[in-house]
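> Following is a predicted model, sequence given first.
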Amino acid sequence: MKRRVLLAPCGLYPQVITETLYCLYQRGRLIDEIHIITTSPGKEMVLNKMLAEGQGMFFRFCEEYGINSEEIVFSATNIHVPKNEEGKELTDIFSKEDNEKLLALTTDLVCRLTSNEENDIYFLVAGGRKTMSSCLTLAVQLYGRRQDRLFHILVSPEFESNSEFWYPPVQARMLMVRDTDGRYYEKSTANAKLYLVPIPFVSLRAKLPQELFQTSQLPGTLIASQTDQKKRLLEIDLATSVICYGGVELDMHPARLALYAFFCKAALADNKPTAREVLDQQQEIVSLYQQIGVKSINATSDTGIMNLTVENFNSYKSKIKKDLEQAFGQSAVDLVIASEGKRPDTRYGILLNRKKIVFI
């Protein structure tokens, strides 16, 4: 039996959930399961405002419209919050690292929900930070199927983000709202207009190898899989700090790009240097760093790319690997700076065929 599942990002305005449930109800579509992606403050808001036993607005909505809330799977376990490296729930999506955690959580959840053919997924891109909607839209384009739907919800401006408005109640009531000049006045909820707007999306799922969908994959893996592996080139553009591989672009930090470009040039020369040989060629790395267009070389730290040591060389190498894996997924296996041999004679290099490395 087909089940309708709602998946929505949510910030500090969980009203978008009940507003969406209302619009779907008006279309005769009852939801069987609800999942929310949010931050830790958003989670507390949903728990306190929507799911508080006996008074949560989710239960009020269901009771008012004659819906059995017990038949809808929606509890604290359905609220998904990305976590940092220490396992703590994120309070906001603010940094690049935060966004990476959010994207990983979103793609994993979308992959899992769409793996069940009995699920029709309704994706909502109306709540939370814009980056939440962007991550969900990307995941839908990669994992979405013909039976899935992507929506945005529009609400009358005077009721939108009004803390007292959760959905049009059966019995209309007066609410204090603000006009465009910020002045308060009373208006009936009977005047509230809600529109659930379908958003077309191009699904890549049918065009990609189906074995990739058995587990969650990073977007880079799925996108790169569209190109013939034999024709993929690793393109390095120092002027723009961009690396491109398999149609996927990566904006790499200038310092890390300088070191990575050094190893790309070493690969072109069929050379795999030791750590000591890398340090001995510091000036070449400096030259590459200058080509990237960094405004002030003097502003770099004494322990930065301008003054490589064995310790920060390993740190840079680790960060470069993380950048590549995040951007290119499984395809990064041939792109990372790999090591071979035992210390102190360990050599480092890129495994990709040198004929596929191009400087722009």
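Great, that's in hand. Numbers count the residues shown, from 1 in each chain.
> ranges for the strands of the stretch 201-350 of the chain?
Remark: strands assigned in the stretch 201-350 of the chain by DSSP state E, counting those that start in this stretch are 234-237, 242-245, 248-251, 337-340, 347-350.
> Let's have those in TSV, adding mean neighbour count and distance to residue 91.
C-beta coordinates here come from the backbone N, C-alpha and C atoms, glycine included. Rendered in TSV, the data for the strands of the stretch 201-350 of the chain read as follows (neighbours: other C-beta atoms under 10 Å; distance: least, C-beta to C-beta, whole Å):
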stretch	mean neighbour count	distance to residue 91
strand 234-237	19	36
strand 242-245	20	31
strand 248-251	17	26
strand 337-340	16	34
strand 347-350	18	38
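> Residue 326: neighbour count?
Taking other C-beta atoms under 10 Å as the neighbour definition, residue 326 ends up with a count of 18.
> And it, how close does it get to residue 98?
With distances taken as C-beta to C-beta, to the nearest Å, residue 326 is found 13 Å from residue 98.
> Let's have the strands of the stretch 201-350 of the chain in CSV, adding mean pLDDT and distance to residue 262.
CSV is the format used below for these (pLDDT from 0 to 100; distance: least, C-beta to C-beta, whole Å):
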stretch, mean pLDDT, distance to residue 262
strand 234-237, 92, 11
strand 242-245, 90, 13
strand 248-251, 86, 17
strand 337-340, 94, 10
strand 347-350, 95, 10
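> and of the ones you listed, who's closest to residue 266?
With C-beta to C-beta, the closest approach to residue 266 among the strands of the stretch 201-350 of the chain belongs to strand 347-350: 6.4 Å.
> excluding its backbone neighbours, what's nearest residue 351?
Nearest residue to residue 351, sequence neighbours excluded (C-beta to C-beta, 6 or more residues apart in numbering): residue 334, at 4.6 Å.
> ok, the one you found touching residue 354?
No - counting by C-beta atoms under 8 Å, residue 334 stays clear of residue 354, with 11.4 Å between them.
> which helices and strands does the helix or strand harbouring residue 196 pack with?
When elements are assigned from DSSP states H and E, residue 196 belongs to strand 194-198. Of the remaining helices and strands, those touching strand 194-198 by 3 or more C-beta pairs under 8 Å, 6 or more residues apart in numbering; DSSP states H and E are helix 15-26, strand 149-155.
> Report the distance from the last one to the chain centre.
Going back to what we said before, that points to strand 149-155. Relative to the mean C-alpha coordinate of its chain, strand 149-155 is positioned 19 Å out (C-alpha atoms, centre = their mean, to the nearest Å).
> Next SSE downstream of that strand?
Per DSSP H and E, the first helix or strand lying C-terminal to strand 149-155 is strand 174-178.
> can I see the domain layout of the chain?
In terms of domains, the chain is parsed into 3-217, 227-359 (source: automatic domain parsing).
> Mind telling me which of those domains the model trusts least?
Among the domains of the chain, domain 227-359 carries the lowest mean pLDDT, a mean of 85.
> per-residue pLDDT, residue 221?
In this prediction, residue 221 carries a pLDDT score of 66.
> which residues touch residue 292?
Contact criterion C-beta atoms under 8 Å, 6 or more residues apart in numbering gives 238-239, 241, 254, 257-258 as the residues in contact with residue 292.
> and the residues you listed, which are buried?
Buried by 16 or more other C-beta atoms under 10 Å: 238, 241, 254, 257-258, out of those.
> returning to that earlier point: ok, which pair from the contacts of residue 292 is furthest apart?
With C-beta to C-beta as the measure, no two of these lie farther apart than 239 and 258, at 12.9 Å.
> just to revisit the earlier point, nearest to residue 160, of the buried ones among the contacts of residue 292?
Set against residue 160, the nearest of the buried ones among the contacts of residue 292 by C-beta to C-beta is residue 241 (39.2 Å).
> ok, the closest one to residue 250 distance?
Looking at residue 241 against residue 250, where the rule is C-beta to C-beta, the gap reads 9 Å.
> what does residue 132 give?
Look at residue 132 and residue 250: by C-beta to C-beta, they are 22 Å apart.
> now residue 124
Using C-beta to C-beta, we find residue 124 at a distance of 30 Å from residue 250.
> if you compare the helices and strands packed on strand 194-198, which one is most tucked away?
Ranked by mean neighbour count under mean count of other C-beta atoms under 10 Å, the helices and strands packed on strand 194-198 are led by helix 15-26, which reaches a mean of 22.
> before we move on, the earlier item: in CSV, list the contacts of residue 292 along with distance to residue 91.
Supplementary listing: the contacts of residue 292 in CSV, determined by distance: C-beta to C-beta, whole Å:
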residue, distance to residue 91
238, 37
239, 37
241, 30
254, 29
257, 31
258, 34
